[in-house]
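[1] just the structure for this:
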Amino acid sequence: MYVRRDLEKEILNHLNSANDQFVLLSGARQTGKTSIIENIKTDQEKLIINLWDESVNTKLIKSAATFEQLELFLSSAYGFRPDNSKILIIDEAQAGDHLGKFIMQMHRVWKNQRVIFSGSILSRLFRDNIPMPTGRVVEFVLRPLNFVEFLRFRNKENYLDLIPSDIAEPVQKEIHDLFMGEYEIFISIGGLPGIARAFENKSDHLILFESLVNNFYRDADRFLNDEENERSRTVQYGSLLEHCLKTIGRHVAFPTTNSTILSTDSPSYRTVLPKLLEALRSWHLVYTLEYETKQNTTKKGYSSKKYLFDTGIMNFLLTRGMPVTLKDGHETSAQLFENIICQELVSYAGSTRAVTSFKTNNKAESELDFVVRTGRDIIPIEVKTGAKITEKSLFQMTEFLKTHQLKKGFVVYNGTVQVKKIDDMEIMFIPPYLVNRVLG
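    Just a heads-up that it's a prediction; the model follows:
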C-alpha cells in the first residue's frame, strides 16, 4: 500500500505551474522514487518508461544515437507525441546515461511538454563533458522518511494531535514516553519506506538492509569503474565504499578529513577516495556540512562533519540493527541520535545547503552542531544526550547567538520541554519529535 510523501506537493506544484523546466527526481536507492511517480495524482496521463526493464522497447530507447532516433523510438514503441497530452517519465534514467546529451534539445523542441527523469544516480546523465542544462531542469531530492512521514507509514500520524500547538507548552509524561518510544524505533530502523513497511509487517527487515547495502557496493563497482578496463585491472570501489560508510558512521558527531576516512599511505587515498566521496555526495548517500566561523577565513583543508543519509543504514552497519535506547548513555546511541537529527533537518529544510555547523574559529575543540537557514530565519540547534547540560557546554551556541544578534536557540535532547535563560538569550530544550515544529 502506498503512503503519501511530503515531496509530492512540491512536485505537483511545479507540474501545475507555468514553469516548463524538466524535473529531475533523484535520491538514494529505496527512498521511494518509483512509488511517487507511479502514484502521484496528476491532471494528465503518465507514460512511464523504466530503463531497468530489458524489453525490446527500452533497449531501443537506450540505443538511440541521435535526438531524431530517440523521437522515432518513443513514437513507434510507445506512441508518444510531445504535445503534453501525457507526462513523459523516464525512470531509472541512469541506465540510459547517454540521454543527458538530449535534454537541452528536448527542452528546446518539445514546447510545454512535461518530462520527469527519475533515478538514484542521475549524475551519470551529465558526465563526459555533458553539462547540466541549468535553467532547463529543476531537481527534487527524495530523502528517507522524516518522523512525521514515519508515523504516517506506521498508521500513527494521528498521534500528532496529542501534542500541544504551542511548542513551549509542556507535554504530558505519558504522551512524551509514547513519542520517545516511536522515535527510538525510528532511530533504530531509519526512514527507508520498504524497511519501515517490513518492520511494521513484522518481516525480517535486516535482510532488506543486507540486500540494500550490497546493491550500494555493486553500484560503486558498476558506475565508478572505467568500463573499458579489464575486470582484473578495475578498482574495487564496492569494498572501499563499505569502508567509507562504516568509517563515516563511526565518526558522526566529530569533524573528519579525508585522512580520517582512509590512511594517506593507501594507494587509493589521492586518486580513488576523492572520486568515491564525490559519488557518495552526488548519490545522496552522505551529507557533508561545512563549518561557519566567527570570522571569514581563507584557510583550506579544515575538517567538516559528515552524516549518513539514513540512520537505519548507519545502525545496521555499526550494530547490525540493534534496537536503540537513548537513555543507555552509549556513545553509538549518541551518534545515531545526532545523525537522525541531521537527517530530519535536511528533510524539513529541503536541502543540505540549508544546514551547516558553527565554530568560533578553526581551532576550537567544540562546535554548534547545526545552523539551519529557512528563508529569513536562522535557527541554531545543539544535540545532547547527556543528562547534565551545563552553560559551558552551550558556549558555541551562545557565541553564535551573540555573533548574529539572535535571541533564541534550541537544544534537542531526550527530555521534556524546558526553557533556560542565559543573559538576555533564551535556550529552549525540546525532545526530538518536536524538531518539525521548530522548522515549521
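[2] how's the chain carved up into domains?
    The chain breaks down into these domains under automatic domain parsing: 7-141, 148-439.
[3] what mean pLDDT does the last one get?
    Just to be clear, that refers to domain 148-439. Mean pLDDT, computed over domain 148-439, is 91.
[4] could you look up the SS state of the residue sitting furthest away from the middle of the chain?
    Using CA atoms, centre = their mean, the residue of the chain lying farthest from its centre is Ser76. It sits 37.8 Å away. Under the three-state scheme (DSSP: H, G, I helix; E, B strand; the rest coil), the conformation of Ser76 reads as helix.
[5] hang on, the earlier thing: which among the domains of the chain is found nearest to Met1?
    Nearest to Met1, of all the domains of the chain, is domain 148-439, at 8.3 Å by CB to CB. Glycine gets a C-beta too; all of them are placed from N, C-alpha and C.
[6] what's the neighbour count on Lys363?
    A count of neighbours around Lys363, defined by other CB atoms under 10 Å, yields 7.
[7] for the most centrally placed residue in the chain, give me its contacts.
    Among the residues of the chain, Arg143 comes closest to the average C-alpha position under CA atoms, centre = their mean, at 4.2 Å. By CB atoms under 8 Å, 6 or more residues apart in numbering, the contact list for Arg143 reads Gly27, Ala28, Thr31, Gly191, His284, Phe309, Gln343, Val346, Ser347.
[8] how about Lys33?
    With the criterion set at CB under 8 Å, 6+ apart, Lys33 makes contact with Leu25, Ser26, Gly27, Asp91, Ser118, Gly119, Ser120, Leu142.
[9] now secondary structure and distance to Lys101 too, for those, in CSV please.
    Formatted as CSV, the entries for the contacts of Lys33 read as follows, by DSSP: H, G, I helix; E, B strand; the rest coil; distance: CB to CB, whole Å:
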residue, secondary structure, distance to Lys101
Leu25, strand, 20
Ser26, strand, 18
Gly27, coil, 23
Asp91, strand, 19
Ser118, strand, 18
Gly119, strand, 16
Ser120, coil, 20
Leu142, coil, 25
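[10] make JSON lines out of those residues and add pLDDT, neighbour count and distance to Ile381.
    Conversion of the contacts of Lys33 to JSON lines gives the following (pLDDT from 0 to 100; neighbours: other CB atoms under 10 Å; distance: CB to CB, whole Å):
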{"residue": "Leu25", "pLDDT": "98", "neighbour count": "24", "distance to Ile381": "28"}
{"residue": "Ser26", "pLDDT": "97", "neighbour count": "24", "distance to Ile381": "26"}
{"residue": "Gly27", "pLDDT": "97", "neighbour count": "22", "distance to Ile381": "24"}
{"residue": "Asp91", "pLDDT": "97", "neighbour count": "20", "distance to Ile381": "36"}
{"residue": "Ser118", "pLDDT": "97", "neighbour count": "25", "distance to Ile381": "32"}
{"residue": "Gly119", "pLDDT": "96", "neighbour count": "26", "distance to Ile381": "32"}
{"residue": "Ser120", "pLDDT": "94", "neighbour count": "24", "distance to Ile381": "29"}
{"residue": "Leu142", "pLDDT": "98", "neighbour count": "24", "distance to Ile381": "23"}
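[11] between the residues you listed, which sits nearest Val235?
    Each of the contacts of Lys33 was scored against Val235 by CB to CB, and Ser120 proved nearest at 20.6 Å.
[12] surely the closest one and Gln94 touch.
    Yes: when contacts are counted by CB atoms under 8 Å, Ser120 is listed as touching Gln94 (7.0 Å).
[13] quick one: which helix or strand includes Thr288?
    Following DSSP states H and E, one finds Thr288 within strand 286-289.
[14] could you list the buried residues of that strand?
    Across strand 286-289, burial judged by 16 or more other CB atoms under 10 Å covers Val286, Tyr287, Leu289.
[15] hmm, back to that, just the ones in helices from the contacts of Arg143, please.
    Taking DSSP state H as the definition of helices, the contacts of Arg143 contribute Gln343, Val346, Ser347.
[16] export these to JSON lines and append columns for distance to Leu262 and neighbour count.
    Formatted as JSON lines, the ones in helices among the contacts of Arg143 follow (distance: CB to CB, whole Å; neighbours: other CB atoms under 10 Å):
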{"residue": "Gln343", "distance to Leu262": "24", "neighbour count": "27"}
{"residue": "Val346", "distance to Leu262": "25", "neighbour count": "25"}
{"residue": "Ser347", "distance to Leu262": "29", "neighbour count": "24"}
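[17] helix, strand, or coil at Pro170?
    Counting by three-state DSSP, the backbone at Pro170 sits in coil.
[18] that one contacts Thr416, correct?
    Yes: between Pro170 and Thr416 there is a contact under CB under 8 Å: 6.3 Å.
[19] ok, the two, which is more surrounded?
    A count of neighbours by other CB under 10 Å puts Thr416 above the other of Pro170 and Thr416, at 16 against 12.
[20] for that one, give me its contacts.
    By CB under 8 Å, 6+ apart, Thr416 lies in contact with Pro170, Val171, Lys173, His176, Pro431.
[21] at 10 Å what do you get?
    The contact partners of Thr416, by CB atoms under 10 Å, 6 or more residues apart in numbering, come to Pro170, Val171, Gln172, Lys173, Ile175, His176, Asp177, Met180, Phe429, Ile430, Pro431.
[22] also Phe22?
    88, 90, 103-104, 106-107, 110, 113-117, 133, 136-139 are the contacts of Phe22 under CB under 10 Å, 6+ apart.
[23] out of the residues you listed, which are buried?
    Among those, those classed as buried by 16+ other CB under 10 Å are 88, 90, 103-104, 106-107, 110, 113-117, 133, 137.
[24] looking at it, Pro133 is touching Leu99, isn't it?
    No: under the contact definition of CB atoms under 10 Å, Pro133 does not touch Leu99, with a separation of 11.8 Å.
[25] first-to-last residue distance for stretch 266-285?
    Start-to-end span of stretch 266-285 (CA to CA, to the nearest Å) is 23 Å.
[26] pull out the buried positions in it.
    If you call a residue buried by 16+ other CB under 10 Å, then stretch 266-285 has these buried ones: Ser268, Val272, Leu273, Leu276, Leu277, Ala279, Leu280, Trp283, His284, Leu285.
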